[in-house]
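Visitor: Predicted coordinates and the sequence they were generated for:
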There are 2 protein chains.
Amino acid sequence: MSEFPPAMQKLIVELSRLPSIGEKTASRLAYHLVSHDRKLGISLSEAVRRAVESVRLCERCYYLSEDPLCRICSNASRDAALICVVEKPMDLVAIERVGEYRGYFHVLHGLWAPLKGQGPEQMRLAELLERVKDQTVKEVILATGSTVEGDATALYIAKLLAERGIKSTRLAQGMPKGGELEYADDVTLSRAFAGRSVMGG
Amino acid sequence: MSEFPPAMQKLIVELSRLPSIGEKTASRLAYHLVSHDRKLGISLSEAVRRAVESVRLCERCYYLSEDPLCRICSNASRDAALICVVEKPMDLVAIERVGEYRGYFHVLHGLWAPLKGQGPEQMRLAELLERVKDQTVKEVILATGSTVEGDATALYIAKLLAERGIKSTRLAQGMPKGGELEYADDVTLSRAFAGRSVMGG
């Protein structure tokens, strides 16, 4: 049985350990690096090393940062009465891209997903409860995804916050912009009806 | 506009330069490395660097190798009368996995694809013609894919070899093992009919 040279084989093994990268994709990526773009290989190697060495989690909100506090937590001009809870850093970036939310964030780095063996203790939840203790926070916006796990996590956190007298809200659910009724699923349609609002006039 | 920390941003940019990796996938991969698996980040960084530094192309067949000649070309017991021409190293690996072919290989590292601006000079074709000069090679098996570009490349090479008096053959085309007639495309069915063989009895 012929195989790739050892250094290539090793690279394929490491690439396959990345989420959503199978062995075929890993082979294609490794081939591209060694045969077509060695310069990219060198700069990629360097970028991976630098990122894992210098990027850490913000000590307050657990977003990504190269300093103890992230760019958002270091900004004292935001609204300290609001915390928006998201699953992962990419969700925070999506919300910041809209540019309308002016409060702070809290990144859970996970969801409550019993079927995948992820309990509440695997999220940054205790840290959230610690943050709301001093009563500065008036509203926690639960912005986990509209999935079964996102909903379950939001429900679970809302209950814990209610016990502490903290108001929590959930992002509106309904038809996405540009959505055709014909193709909307039952749950989306049902929620869009339940959350319907009066039109002006 | 909030963005990822610079080292994370840089990693996302480098990852997006890989083929078939878009910005969303790159973000997810970078997040996995910095937040969930820093050890993988370190070993991946090292594996990429080592591979691009040590893996080169075999001086004879252009397969991947850490030595001047690859494992296959270094094996003097194979059949020197046969050269199997493939597009890329992964194709060679697929053929070697079957374990039946005993000749040598030649890796083109490309196909003739005028629509993508890839002319014959971007393949290792001159090198193939050089290899067949001494008349040791009796048959060149053109094992490029059954795609428009794979067919065109095979046709082009066959013509050049014929001018030099070298016989070339093409892999059989027909129904793949397990293929349902109902789902076969017209070209496959047409070729399967044209290439039909007599059954024993």
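Guide: Looks like it arrived, so ask away. Numbering: from 1, shown residues only, chains lettered A, B, ... in the order given.

Visitor: tell me the SS of the residue nearest to A:Val85 when sequence neighbours are not counted?
Guide: Nearest residue to A:Val85 in three dimensions, chain neighbours excluded: A:His106, at 4.9 Å (Cβ to Cβ, 6 or more residues apart in numbering or on different chains). (C-beta placed from N, C-alpha, C; glycine too.) Here A:His106 is recorded as strand under DSSP: H, G, I helix; E, B strand; the rest coil.

Visitor: Was I right to think A:His106 contacts A:Cys84?
Guide: Yes - the criterion here is Cβ atoms under 8 Å, and A:His106 meets it with A:Cys84 at 7.3 Å.

Visitor: okay, the two: which has more neighbours?
Guide: Neighbour tally, A:His106 and A:Cys84, criterion other Cβ atoms under 10 Å in any protein chain shown: the higher count belongs to A:His106, 26 against 22.

Visitor: Mind pulling up the pLDDT for that one?
Guide: At A:His106, the pLDDT value in this model is 97.

Visitor: Tell me which residue is most central in chain A.
Guide: Centroid-nearest residue in chain A: A:Lys88, 1.6 Å away (criterion: Cα atoms, centre = their mean).

Visitor: Could you tell me what pLDDT the model assigned to it?
Guide: 93.

Visitor: which residues touch it?
Guide: Contact partners of A:Lys88, counting by Cβ atoms under 8 Å, 6 or more residues apart in numbering or on different chains, are A:107-109, B:31.

Visitor: Quick check: the farthest pair among these?
Guide: A:Leu108 and B:Tyr31 (13.2 Å; Cβ to Cβ).

Visitor: Domain map for chain A?
Guide: Using automatic domain parsing, the domain parsing of chain A gives A:6-54, A:68-198.

Visitor: low-confidence ranges in chain A?
Guide: Filtered on pLDDT under 70, chain A yields the residue ranges A:1-2, A:200-201.

Visitor: can you rerun that using 90?
Guide: Across chain A, the ranges flagged by pLDDT under 90 are A:1-3, A:36, A:94-95, A:97-100, A:113-122, A:134-135, A:145-148, A:151, A:171-201.

Visitor: Just send the contacts of A:Lys88 back as JSON lines, with neighbour count and distance to A:Ala172 too.
Guide: As requested, those are exported to JSON lines (neighbours: other Cβ atoms under 10 Å in any protein chain shown; distance: Cβ to Cβ, whole Å):
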{"residue": "A:Val107", "neighbour count": "26", "distance to A:Ala172": "21"}
{"residue": "A:Leu108", "neighbour count": "23", "distance to A:Ala172": "20"}
{"residue": "A:His109", "neighbour count": "17", "distance to A:Ala172": "25"}
{"residue": "B:Tyr31", "neighbour count": "21", "distance to A:Ala172": "26"}
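
Visitor: got the angle for the strand or helix carrying A:Val52 vs helix B:38-54?
Guide: Element membership of A:Val52 [criterion: DSSP states H and E] is helix A:38-54. Here helix A:38-54 points in a direction 160 degrees away from that of helix B:38-54 (axes from the mean of the first three to the mean of the last three Cα atoms, to 10 degrees).

Visitor: Residues touching helix A:38-54, excluding its own?
Guide: Applying Cβ under 8 Å, 6+ apart, the contact partners of helix A:38-54 are A:32-34, A:66, B:5, B:7-8, B:10-11, B:13-15, B:17-18, B:30, B:33-34, B:38, B:41-42, B:44-46, B:48-49, B:51-52.

Visitor: Of these, select the buried ones using a ChimeraX command.
Guide: To isolate the buried ones among those in ChimeraX, judged by 16 or more other Cβ atoms under 10 Å in any protein chain shown, type:
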select /A:32,33,34,66 /B:5,7,8,10,11,14,15,18,30,33,34,41,44,45,46,48,49,51,52
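
Visitor: picking up where we left off before, would JSON lines of the domains of chain A with distance to B:Ile95 be doable?
Guide: JSON lines is the format used below for the domains of chain A (distance: least, Cβ to Cβ, whole Å):
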{"stretch": "domain A:6-54", "distance to B:Ile95": "14"}
{"stretch": "domain A:68-198", "distance to B:Ile95": "39"}
